[in-house]
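Novice: Sequence first, then the predicted structure, then my questions.
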Amino acid sequence: MQQRDQALYGKCVLAVQGKNNELASMYANECAELRKMAKVVLHSELALEQVTLRLETVNEFGQVAYTMLPVVNVVKVLKSQLEGVLPEVSMELSQVNETLEGLTMEVGEATENTFDLSASSGESQKILQEANFVAEQKMKERFPELPPIPTSEARV
């Protein structure tokens, strides 16, 4: 995606230099759409990395059912975000989600504990916010700002 963005960005710059605003606008729009997709993919990747770390922590330290609830919620959110962008990944996450929900139910039944779902929802949001922040930073590092495209009103 980054290579495709660089190519489109270069064409956008050349179009701006050549004063072909319509073509520059087209390339800028394509860059913007590509960057939106890249952001969703990067955000999802980072959130899944955090989920993996959470699962490793659970594996090492216990409290499986309590810790699993935010993980299940994060996977659900990512699945819905990726449906339009990467449908294959979304379907795989659906299967992961089903497995995690089953595991959570089994562990919850085995330990006979009740869990505060509002706390897990807050924890899920925290994970997604952290992933979004990191994704924003990485996007700024990887993709340059688009050049300003003069509007037709500026030529008058």
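Specialist: Cool, the structure landed.
Novice: for Lys19, helix, strand, or coil?
Specialist: coil (DSSP: H, G, I helix; E, B strand; the rest coil).
Novice: got the residue ranges for the helices in this protein?
Specialist: With helices called from DSSP state H, the chain shows them at 2-17, 21-61, 64-82, 87-111, 117-142.
Novice: any idea of the angle the longest one forms with helix 64-82?
Specialist: So that's helix 21-61. With axes from the mean of the first three to the mean of the last three C-alpha atoms, to 10 degrees defining the directions, helix 21-61 sits at 170 degrees from helix 64-82.
Novice: most centrally placed residue in the chain?
Specialist: Nearest to the mean C-alpha position of the chain, by C-alpha atoms, centre = their mean, lies His43 at 2.4 Å.
Novice: could you measure it against Met139, distance?
Specialist: For His43, the distance to Met139 equals 9 Å [C-beta to C-beta, to the nearest Å]. Glycine gets a C-beta too; all of them are placed from N, C-alpha and C.
Novice: what does Ser25 give?
Specialist: 21 Å.
Novice: what's the answer for Leu53, then?
Specialist: Distance from Leu53 to Met139, by C-beta to C-beta: 21 Å.
Novice: what does Leu48 give?
Specialist: Leu48 is 17 Å from Met139, by C-beta to C-beta.
Novice: likewise Val96?
Specialist: From Val96 to Met139 the distance is 25 Å (C-beta to C-beta).
Novice: what sits against the closest residue in space to Val134 that isn't next to it in sequence?
Specialist: Leaving aside its chain neighbours, Val134 sits nearest to Leu46 (5.2 Å; criterion: C-beta to C-beta, 6 or more residues apart in numbering). Neighbouring residues of Leu46 by C-beta atoms under 8 Å, 6 or more residues apart in numbering: Ala131, Val134, Ala135, Lys138.
Novice: show me where pLDDT drops low in the chain?
Specialist: For the chain, the stretches with pLDDT under 70 are 58-67, 104-121, 150-156.
Novice: try 50 this time
Specialist: Across the chain, the ranges flagged by pLDDT under 50 are 110-119, 154-156.
Novice: about what we covered before: so Leu48 and Met139 - more neighbours on which side?
Specialist: Set Leu48 next to Met139 and count neighbours by other C-beta atoms under 10 Å: Leu48 wins out with 18 against 15.
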